[in-house]
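Asker: Please work out how this folds:
(2 chains, ligands or ions: 2)
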Amino acid sequence: MVEKAADKGHVVLNNVSKCFFEDEKKILCLDQLSIEIPPGQLTVLMGPSGCGKTSMINLIAGYETPDTGSITIDGEKITEPGHDRLVVFQETALFPWMTVFNNVAFGPKAKGLAEKDIKEKTESILETVGLQDFQDKYPTQLSGGMQRRAELARALVNEPSVMILDEPFRGLDAMTRELMQEFYLKLFDETKITTLFVTHELEEAIFMADTVIILTYKPGRVRKVVKVPLERPRHFSVSASKEYMDIFNDTIEILFEEAKKAFDHDDASSLDIIQSLKRNSDDS
Amino acid sequence: MTRIKNLAAAPTFYAALAGMILFFSSWYFLTETLTLPRFKNIPDPLSVVTEWSAIHPKYGVSLFTKPYYVDILYSIIRTYAAFAGAVVFGVSLGIVMGWSRILHNYTFPLVEIFRPMPPLSWIPLAVLVLPGIELPVVFVTFIAAFFATVLNTLLGVQSINRDYFLAAKCLGAKPRDILFHVVIPGSLPFIFTGLQIAMGIAWMSIVAGEIIAGQRGLGYYIYEAAALFQYEQVIMYMFTLGFLGYVSSVAIRYVGNLLMAWEEAKRKAR
Ligand SMILES: Nc1ncnc2c1ncn2[C@@H]1O[C@H](COP(=O)(O)OP(=O)(O)OP(=O)(O)O)[C@@H](O)[C@H]1O
Ligand SMILES: [Mg+2]
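Answerer: Numbering: from 1, shown residues only, chains lettered A, B, ... in the order given. Ligands and ions are numbered 1, 2, ... in the order given. Presented below is the predicted three-dimensional model:
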């Protein structure tokens, strides 16, 4: 079992800016961003495609350094990648050349744990995610949902302070996606592991989050912070409640506006969000 | 066993068989029945096979004589020595070039200039610098295989999804872990493609090298036999080379499949 993460993983972004160069032109990607990810909570990050969600994650993960400002975790400045902050990527990043077991055992092995402990930890986490019977398979032999669970296991086995999930359930069919949401929420309820979760789906965001942060498009700033005081553990029926609907309706407008702005910037990739948002607001 | 059965049952097997029959009968037809002016000195397939399998061959060499195997052995040792060198040095250089931006920038233009130089153009310098006869022959074979290996290994490293490096880093991997658990396995499919090509090139260059600078070996003997108008022998040695090359590339594929069990799993999953 994953241990209670206690109150670890308090991430604070203070005035963080980041620029990129696109065709020699300097583009401000994140603009003086100040965000707090409270420990033991599930924070969801939303915003149109290209607004800088992945860039922000890269900064928190320590893959890149901010141009200005600072990022701290539990009071310590982030300077490089470390296994206190584990990222589950947008596309699956399981090593295709390793079995599920070896993928999950990669972190503990790199840390130099004893062979016995590695085996114990890995097997126990595989059981938690329900993959104990698939440990000798290669990732390509698993279904999409299983791959995502294997990837969660590979991160969780290191007992990180923060889990960073960048659209982890993208590309899964609707059914599997809901099961994965439920699965992660259950895990979260049991461990209270500090989580930063990126998604394009508002339903997914509200269903999972304690707080939803919406970013604006170029430059990326905080547009709105939405608290989601729905009771936990949550069930899918929550989406029929009035509180849920209120939050949904408050938020969809803003998201739509930002997506529209991104679209007018000729970022064609945001078209799909606009469409999915349209569909959502038609439904409700 | 089932593998062999599957292979035999596959339509490609019959196609291959039909192709061979067609080829050998046209050969026979052209050289024996039609006897076209330019073709009539070429021995027909039957006399090649007869010579090849004769206990007392007309021109002294066949499956049942010792010199045949001595020549094969010479060529195999030279080729595999060159190939082994190409694997060791080529894969190492390719990986370093793929991994270090700086080294890549220093070496890539040089590699691209040296790579297209035909192996045979190295012979004068090889003979000048290297002592004896064996080393120059092995060297020209090595040089050709080497560049094919370097380039493919480099492409292999560059083909690795950047996320794998990021994932490894955040899981606490040190450079050593990344080399052995990300870079090498990640580039293996390309490396093995490169090795197949390198092996093919090695067999081509060994023959040329032996003809020009060698003593013994299949290439050398082909040249000798041709000078004596023993064309049965020439053709029989050509086919021997073909078989050796074929077996070599099957062996490389076999080793590749052993090392890349996940690729097999991927193919099956499709
Ligand atoms: N390494 C980089 N070099 C140059 N530009 C970059 C780099 N990384 C990101 N960008 C730019 O920064 C902007 C934000 O990209 P980012 O990937 O963070 O967006 P995102 O919010 O994650 O989008 P999506 O929802 O599509 O994943 C984009 O316009 C992108 O082109
Ligand atoms: Mg992204």
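Asker: what about residue B:169, how many neighbours?
Answerer: By other C-beta atoms under 10 Å in any protein chain shown, the residues close to residue B:169 number 23. No exception for glycine: its C-beta is placed from N, CA and C like everyone else's.
Asker: Pull up the per-residue confidence for the closest residue to ligand 1 within chain B.
Answerer: The nearest approach of chain B to ligand 1 comes at residue B:162, 10.0 Å away (C-beta to the nearest ligand atom). You'll see residue B:162 listed with a pLDDT of 92.
Asker: what's it sitting at in phi/psi?
Answerer: With angles defined as degrees, to the nearest 10, residue B:162 sits at phi -60, psi -30.
Asker: Residue A:37 versus that one, what's the distance?
Answerer: 25 Å (C-beta to C-beta, to the nearest Å).
Asker: of the two, who's got more company?
Answerer: residue A:37 (22 against 10).
Asker: I figured the more buried one hits residue A:162, correct?
Answerer: Yes - here residue A:37 reaches residue A:162: they are 7.1 Å apart, a contact under C-beta atoms under 8 Å.
Asker: can you pull out the helices in the chain?
Answerer: Let's take chain A. Secondary structure of chain A (DSSP state H): helices at A:53-61, A:100-111, A:115-128, A:144-156, A:174-191, A:202-208, A:242-264, A:271-283.
Asker: look at chain B instead
Answerer: All helices of chain B, identified by DSSP H, fall at B:2-9, B:11-28, B:45-52, B:66-85, B:91-99, B:101-114, B:123-129, B:134-158, B:162-170, B:175-178, B:184-213, B:218-227, B:231-259, B:261-269.
Asker: highest average neighbour count across the ones you listed?
Answerer: Across these, averaging neighbours per residue (mean count of other C-beta atoms under 10 Å in any protein chain shown) puts helix B:134-158 on top, at a mean of 25.
Asker: what's the angle between that one and helix B:184-213?
Answerer: Put simply, helix B:134-158 runs at 150 degrees to helix B:184-213, going by axes from the mean of the first three to the mean of the last three C-alpha atoms, to 10 degrees.
Asker: and helix B:134-158, what's its mean pLDDT?
Answerer: Helix B:134-158 comes out at a mean pLDDT of 94.
Asker: likewise stretch A:51-62?
Answerer: On average, stretch A:51-62 scores 94.
Asker: Now the residue located most distally from the centre of chain B. Nearest residue, chain neighbours left out?
Answerer: Seen from the C-alpha centroid of chain B, the residue lying at the greatest distance (C-alpha atoms, centre = their mean) is residue B:170, 40.6 Å away. The shortest distance from residue B:170 to any non-neighbouring residue, by C-beta to C-beta, 6 or more residues apart in numbering or on different chains, is to residue A:81 (4.4 Å).
Asker: show me the contacts for the one you found.
Answerer: Going by C-beta atoms under 8 Å, 6 or more residues apart in numbering or on different chains, residue A:81 touches A:61, A:62, A:63, B:166, B:169, B:170.
Asker: let's see 7 Å
Answerer: A:61, A:62, A:63, B:169, B:170 (C-beta atoms under 7 Å, 6 or more residues apart in numbering or on different chains).
Asker: Need the per-residue pLDDT for the fourth one.
Answerer: By that I understand residue B:169. Looking at residue B:169, the pLDDT reads 92.
Asker: For it, which non-adjacent residue is closest in space?
Answerer: Counting by C-beta to C-beta, 6+ apart, residue B:169 lies nearest to residue A:81, which is 4.4 Å off, once chain neighbours are set aside.
Asker: where's that neighbour relative to ligand 1, distance?
Answerer: 16 Å (C-beta to the nearest ligand atom, to the nearest Å).
Asker: Now that residue, what are its backbone angles?
Answerer: Main-chain torsions, residue A:81, degrees, to the nearest 10: phi -60, psi 150.
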